[in-house]
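Student: For reference, the sequence and a predicted model appear below.
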Amino acid sequence: MNGEIDEKVPWLGPATDDETKRVVEALYRVHRLTTVITDLDVLLTRIAEESRGVAQAEACSLLLYDEQKDEIYFHVAIGEHGNQEALKSQVRLKLGQGIAGEAAARRCSINVEDAESDPRIFRGADAASDFHTRSLLAVPMVDRDRLVGVLEVVNKVNGGAFTTFDMHVMAMFSSLAASSIVSARLIEERVRNERLAAIGQAVAGLSHYIKNIITGLSSSAELIEMGLNAGNTEMLKRSFPVFQRSTKRITNFVQDLLSFSRSSAPYREECKLGDIVGEVRETYAELFTTKRIDLTVDTSEAKDTILVDGQAIYRCLLNLLTNAVDAVPAGDGRVTLRARTHEDGSAEIDILDNGPGVPMEARNSIFDPFFSTKGSRGTGLGLAVTQKIIREHGGDLTVGDAPSGGARFHITLPAWRKSEEEARQ
């Protein structure tokens, strides 16, 4: 005889001591799983396995409700026989279709003792999975009156039908599964919204930065064109440096994006740290002069060679100097770049300025991607990329206070030795 139950409070009813012990242990395991497993698919598979074991069934399926299509579909299907994967890929049921569809539509458990004689059975599921259904118990998964799906066990082991005791136990498991699914979906939605908000904020900041660069390029290009047409060399001399600075800014921006988007081991070669620092100083010499910023460079203790990616370290120093230039007061700014190497092959670099410094509350955030205190003048990538490169070298980048009251960025680069194989190459 086929039975249904729609009681709100699960009741175990008559059960042997062994049955009660088995159920309690399984419920304890499932409840514990919901607190330690964060992967929803893994959690639902484990719930299905526990349900199958407690109900002593040959197979168990967990169907989820698709609100947009008003259908249920097999999300988890496990069993000893048949092609369970076919159920997940081929079978979808409308509400009211098949036993699972009817249980979902009516929000009540349905226990089918003799599937052969029940016209409600959806034969397409057996055909797709090459499985023979003899008995079936379908329990709706509902959370706060909202349909989540259906938990289904098939074929009682050693024959017979599922009992009223099984129906009540599966109601407990379906309630736990429904709560886990709803909680996981809420977390996924929140994470997705946070990611979209972060992406939107990053795109807005990058767009403003690019727009500023393009404005500089367009303006200087127009002035250069006017100077060429008029044969005015004085106008060309004034406009070309602006054009150069804008092209350097866009080049640095693209390089920062590339560096941030890919992880790679540094291409190490013997470099003189003093030469890298000297190249950085030459690159920024005109800018420091134009802004009347005093730059002090000390490489007296950087005489030894180190094994680093020279271009990458050069890029790091450019980013840090750019920040220093933006931080110090024009006309009275002071920046110090100090580098030193050690006999063991390690190195340290300090960049100090007399700007306002980095507030304590911002020090945990300044190395985060797209975090910027410069508004549309910054991308929020410079420090993130710099820290990434330094860490790929096995080193570290920290921020603190300079003696002058400004910021001090400190780079440590550990010693690195070529392996025997690399040395032979």
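Tutor: On my side now, so go ahead.

Student: can we go C-alpha only for contacts and neighbour counts from here?
Tutor: Fine.

Student: How about the contacts made by Asp126?
Tutor: Listed by Cα atoms under 8 Å, 6 or more residues apart in numbering, the contact set of Asp126 reads 132-133.

Student: My error: substitute Phe240 in the last question.
Tutor: Residues near Phe240 by Cα under 8 Å, 6+ apart: 220, 224.

Student: hang on, it in a helix?
Tutor: Yes: counting by DSSP: H, G, I helix; E, B strand; the rest coil, Phe240 is part of a helix.

Student: Against Glu279, how distant is it?
Tutor: According to Cα to Cα, to the nearest Å, Phe240 and Glu279 sit 22 Å apart.

Student: quick one, phi psi at Asp323?
Tutor: Just to correct that, residue 323 is Asn rather than Asp. When read as degrees, to the nearest 10, the backbone of Asn323 gives phi -60, psi -40.

Student: What is the burial count for it?
Tutor: 16 (other Cα atoms under 10 Å).

Student: Show the pLDDT at it.
Tutor: pLDDT for Asn323: 85.

Student: how about the nearest residue to Leu64, chain neighbours excluded?
Tutor: Leaving aside its chain neighbours, Leu64 sits nearest to Gly149 (4.1 Å; criterion: Cα to Cα, 6 or more residues apart in numbering).

Student: Measure how buried that neighbour is and give me the count.
Tutor: 30.

Student: Regarding it, which helix or strand does it belong to?
Tutor: Assigned by DSSP states H and E, Gly149 belongs to strand 146-156.

Student: Mind listing what's buried along that strand?
Tutor: Buried residues in strand 146-156, counting neighbours by 16 or more other Cα atoms under 10 Å, are found at 147-156.

Student: Nearest to Cys108, out of these: which one, please.
Tutor: Among those, Val150 lies closest to Cys108 (Cα to Cα), at 10.0 Å.

Student: measure that closest one to Asp66 for me?
Tutor: According to Cα to Cα, Val150 and Asp66 sit 12 Å apart.

Student: now Thr283
Tutor: Taken as Cα to Cα, the span from Thr283 to Asp66 is 60 Å.

Student: now do Ser404
Tutor: Note on Ser404: its distance to Asp66, by Cα to Cα, is 63 Å.

Student: residue contacts, Asn354?
Tutor: 328, 333-335, 402, 404-407.

Student: Look up the closest residue to it, ignoring the ones flanking it.
Tutor: Nearest residue to Asn354, sequence neighbours excluded (Cα to Cα, 6+ apart): Gly406, at 4.3 Å.

Student: can you pull out the strands in the chain?
Tutor: 3-5, 57-66, 71-79, 92-94, 109-112, 136-143, 146-156, 269-272, 293-301, 305-308, 333-341, 347-353, 396-401, 407-413 (DSSP state E).

Student: would you turn the ones you listed into CSV with mean pLDDT and distance to Leu223?
Tutor: Below are the strands of the chain laid out as CSV (pLDDT from 0 to 100; distance: least, Cα to Cα, whole Å):
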stretch, mean pLDDT, distance to Leu223
strand 3-5, 53, 83
strand 57-66, 92, 61
strand 71-79, 91, 64
strand 92-94, 92, 66
strand 109-112, 93, 79
strand 136-143, 93, 67
strand 146-156, 92, 65
strand 269-272, 90, 41
strand 293-301, 90, 27
strand 305-308, 90, 42
strand 333-341, 92, 30
strand 347-353, 93, 35
strand 396-401, 90, 41
strand 407-413, 93, 38
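
Student: and Ala384, which of those is closest to it?
Tutor: Checking those against Ala384 by Cα to Cα gives strand 396-401 as the closest, at 10.2 Å.

Student: what's around Ala128, how many residues?
Tutor: The number of residues near Ala128, taken as other Cα under 10 Å, comes to 18.

Student: Roughly how far does the closest residue to Leu273 other than its chain neighbours sit from Lys88?
Tutor: Spatially, and ignoring its direct neighbours in sequence, Leu273 is nearest to Ala302 (6.1 Å; Cα to Cα, 6+ apart). Look at Ala302 and Lys88: by Cα to Cα, they are 65 Å apart.

Student: likewise Arg334?
Tutor: Arg334 is 67 Å from Lys88, by Cα to Cα.

Student: how about the contacts of Asn354, which pair is most distant?
Tutor: Gly333 and Ala402 (13.6 Å).

Student: Can you work out which residues contact both of these two?
Tutor: With Cα under 8 Å, 6+ apart as the test, Gly333 and Ala402 both reach 353-354.

Student: Show me where the stretch 301-425 of the chain has its helices.
Tutor: 310-327, 382-392, 420-424 (DSSP state H, counting those that start in this stretch).

Student: Kindly report the same for the stretch 151-300 of the chain.
Tutor: 164-230, 233-261, 273-290.

Student: contacting residues around the closest residue in space to Arg315 that isn't next to it in sequence?
Tutor: In space, and not counting its chain neighbours, Arg315 is closest to Thr386: 7.6 Å by Cα to Cα, 6+ apart. When contacts are counted by Cα under 8 Å, 6+ apart, Thr386 touches 315-316, 319-320.

Student: which one of those has the most neighbours?
Tutor: With neighbours taken as other Cα under 10 Å, the top of the contacts of Thr386 is Cys316, carrying 23 neighbours.

Student: That one against Lys388, yeah?
Tutor: No: under the criterion of Cα atoms under 8 Å, Cys316 makes no contact with Lys388, lying 9.5 Å away.

Student: For Val139, list each beta-bridge partner.
Tutor: For Val139, the beta-bridge partners are Leu151 (DSSP bridges).

Student: what about Ala128, distance to Asn158?
Tutor: Distance of Ala128 to Asn158, computed by Cα to Cα: 24 Å.

Student: Sorry, wrong one. I was asking about Asn193.
Tutor: Separation of Asn193 from Asn158 (Cα to Cα) stands at 49 Å.

Student: Between these two, tell me which one has more neighbours.
Tutor: Comparing Asn193 with Asn158 by other Cα under 10 Å, the one with more neighbours is Asn193, at 12 against 9.
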